[in-house]
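Student: I'd like to go over a predicted model; first the sequence, then the structure.
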Amino acid sequence: MKIAVIGGGSTYTPELVNGFIAGAERLGLSELWLMDIDMERLEVVGGFAQRMVAAAGQPFALHLTSDRAGALDGASFVETQIRVGGQAARHEDELLGRRWGLVGQETTGVGGFAKALRTIPVLLSIAQDMQRYCPQAWLINFTNPSGLVTEALQRYAPQTHSVGLCNSPIGHKMSIARQLGVDPSSVALDYLGLNHLAWLRGATVDGRDVWPQVFSAFLERMRAEEDPVGPPYLLEMLQAIPSGYLHYYYRTAAVVAHQAVSPTRAEEVMAIERQLLERYADPALTAPPPELMKRGGAHYSTAAWQLIDALHNDTGSVHIINTRHRGTVRGWPADWVCEMPCRVDRAGLHPLPMQPLMPLADGLVHAVKTYELYAAQAGAEGNRDAALAALVAHPLGPGADRAPALLEDLLRTNARYLPQFVA
């Protein structure tokens, strides 16, 4: 098996490589290719990854390249983890939100919209290249906003096998396993929504209902926190554990006030990445350093290799992923990409039938999915009308009166990354 990682210079990559080392024998992994457009950074990250592989007894060959075609050629799986414009563009996304008194987070609101517009054309070009160099391969997308990017891939590059993956669902599973002292593989989740806009509604351990215990402990933690994901009364009404990103919807005023007086997350991450790259450059380092946990993304390597294992080894195991639900959620158009449990085997992704969300959550999903559909069109086609509609539709957007001016601000700020909007 050959796996290609597009965006291999990411500081997340050593964790991903660690997962592939753990699963190499089961996957039959012979080649791992790390591809990045920034060779200087790739040499640091990839050099560290090569030492990790060597220390593990060289279970597979690790290649570093800036040649996308070479990385894709003959690959069975392609994992994408790119950031168009780097952390500097993320910083501008956050400042865009601040200028307009809106949430500027990298996957949610106007910041997430700017990131999506930069990202979608590049992911579609990768999917196009895959049709030439590895037409049977699966594209596993980690690039944020993962659900929206996957919506664009499945709508505008349907010939490429694609799936969106996020570490949030597996994070819930690991947390519940720790809480109850059980093996994570025994935990099953009732989980539904969109990426970064989903609700955990139930949990079992080997078929035994543990949800009352899990939800009660969650409520107790939220009542004790100064900055909970949402007001405890609302969480009781929902009877569900919301994705942490629902904080931006449920406590918007507090988020906007906090971001006005705090460094951007991009600034914090740039400082963390400088430290990580210094550590990665140490020739004696052969295992991921503890500082990597400050970067976020816990369990993402586990989620990646387990999904690849299910597709390659025909396991039929259940994974929470982003794909079209194909009519398994009553009341939602069958071609919507959502985040939900799917049985995964060699034949592909099989969404499991799910009960609809309660109206309080379902209404928000419809609003955000309307935004996503317009945003996917805007990113794929450079369509200004669709971009305006996306801004108007988003619950965290600027509203119809301010949407045209905000769009012009966004396009000016990102002009070098948005050639699809050039007349």
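Tutor: Cool, got the structure.
Student: which residues in the chain form strands?
Tutor: 2-6, 31-35, 61-65, 77-80, 138-141, 161-164, 187-194, 197-205, 208-209, 241-242, 317-324, 337-345, 348-351 (DSSP state E).
Student: So which of those strands is nearest residue 275?
Tutor: Checking the strands of the chain against residue 275 by CB to CB gives strand 31-35 as the closest, at 20.8 Å. Using the backbone N, CA and C atoms, a C-beta is placed for each residue, glycine as well.
Student: so what strands line up beside that closest one?
Tutor: Using DSSP bridges, strand 31-35 pairs in its sheet with strand 2-6 (parallel), strand 61-65 (parallel).
Student: quick one: that strand to chain centroid distance?
Tutor: On the basis of CA atoms, centre = their mean, to the nearest Å, strand 31-35 sits 20 Å off its chain's mean C-alpha point.
Student: what do you get for stretch 50-69?
Tutor: So, by CA atoms, centre = their mean, the centroid of stretch 50-69 is 24 Å from its chain's centroid.
Student: heads up, I number from 670, so please use that
Tutor: OK, 670 is where the count begins now, so the last one is stretch 719-738.
Student: Can you pull out the low-pLDDT segments for the stretch 770-919 of the chain?
Tutor: Across the stretch 770-919 of the chain, nothing is flagged by pLDDT under 70.
Student: Would you state the helices of it in chain order?
Tutor: 778-802, 815-825, 837-849, 880-893, 901-907, 916-919 (DSSP state H, counting those that start in this stretch).
Student: ranking those by burial, who's on top?
Tutor: The highest average neighbour count among these, using mean count of other CB atoms under 10 Å, belongs to helix 815-825 at a mean of 26.
Student: what angle separates that one from helix 837-849?
Tutor: Here the directions of helix 815-825 and helix 837-849 differ by 140 degrees (axes from the mean of the first three to the mean of the last three CA atoms, to 10 degrees).
Student: ok so, going back, looking at the strands of the chain, which is closest to residue 920?
Tutor: Nearest to residue 920, of all those, is strand 910-911, at 11.0 Å by CB to CB.
Student: ok, and what's touching the closest one?
Tutor: With CB atoms under 8 Å, 6 or more residues apart in numbering as the test, strand 910-911 has contacts from 841, 867-869, 883-884, 887, 898-899, 904, 919.
Student: Tell me which two in those are the farthest apart.
Tutor: Using CB to CB for every pair in those, the one that comes out farthest apart is 883 and 919, at 19.9 Å.
Student: Contacts only, for the closest residue in space to residue 790 that isn't next to it in sequence.
Tutor: Among residues not flanking residue 790 along the chain, residue 1089 sits closest, at 5.6 Å (CB to CB, 6 or more residues apart in numbering). The contact partners of residue 1089, by CB under 8 Å, 6+ apart, come to 790, 1048-1051.
Student: What sits closest to residue 1051 if chain neighbours are left out?
Tutor: Using CB to CB, 6+ apart, the closest residue to residue 1051 is residue 1089 (3.1 Å).
Student: Understood, closing this out.
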